[in-house]
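# Okay, here's the prediction I keep looking at, along with the sequence it came from:
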Amino acid sequence: MTLHIVRLGTPRLPDEGTRIGTVRRPPRGVRKERYAADDWYDVWFPELSPSPELVKSALTAESEAEWHGFVRAFRTEMDEPAPRRTLDLLAALSHGGRFSIGCYCEHENRCHRSVLRALLTERGAQIAGETGA
């Protein structure tokens, strides 16, 4: 079993399992009862998204230095007790469950989900597409 890291709103993978939306806001213009049916997410979990201020800094980051500043700040937010425990739990569950986490961003390398991937990998998560997964 593994954890998938996905772009929300894209077709589900055959073995993806429960899709968790780690986004600050629900998708615009989509009725709540359509979130799962339209492949957005099954469960909304904004606690693993950047704070509103950091979302703004990520969206406006043009240089690598600005992006790395966002990454550092988001890692600091994720080092608070509640997010840290949640990441530990997801990493442990990745060894026996099927689920995914995701965000709306088109490119993972400029999305907070790349940071979540790194944080989960550091905790020993079994992530689909990575060595050992």
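On my side now, so go ahead.

# buried residues in the helix or strand of the chain with the lowest mean pLDDT?
For the chain, using mean pLDDT, DSSP states H and E, the weakest element among its helices and strands is helix 52-60, scoring a mean of 94. Within helix 52-60, the residues that count as buried by 16 or more other C-beta atoms under 10 Å are 54, 55, 57, 58. For glycine as for every other residue, the C-beta is placed from the backbone atoms N, C-alpha and C.

# May I see the residues you listed arranged in TSV, with distance to residue 80 as well?
Listed next are those as TSV, based on distance: C-beta to C-beta, whole Å:
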residue	distance to residue 80
54	13
55	17
57	18
58	18
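
# tell me the two of those residues that are most distant?
55 and 57 (7.5 Å; C-beta to C-beta).

# Provide the contact partners of the least confident helix or strand of the chain at residue level.
If you take C-beta atoms under 8 Å, 6 or more residues apart in numbering as the criterion, helix 52-60 is touched by 24, 49-50, 66-67, 69-70, 73-74, 77, 110-112.

# Please, where are all the helices along this structure?
In the chain, the segments counted as helices under DSSP state H are 52-60, 64-78, 81-93, 112-122.
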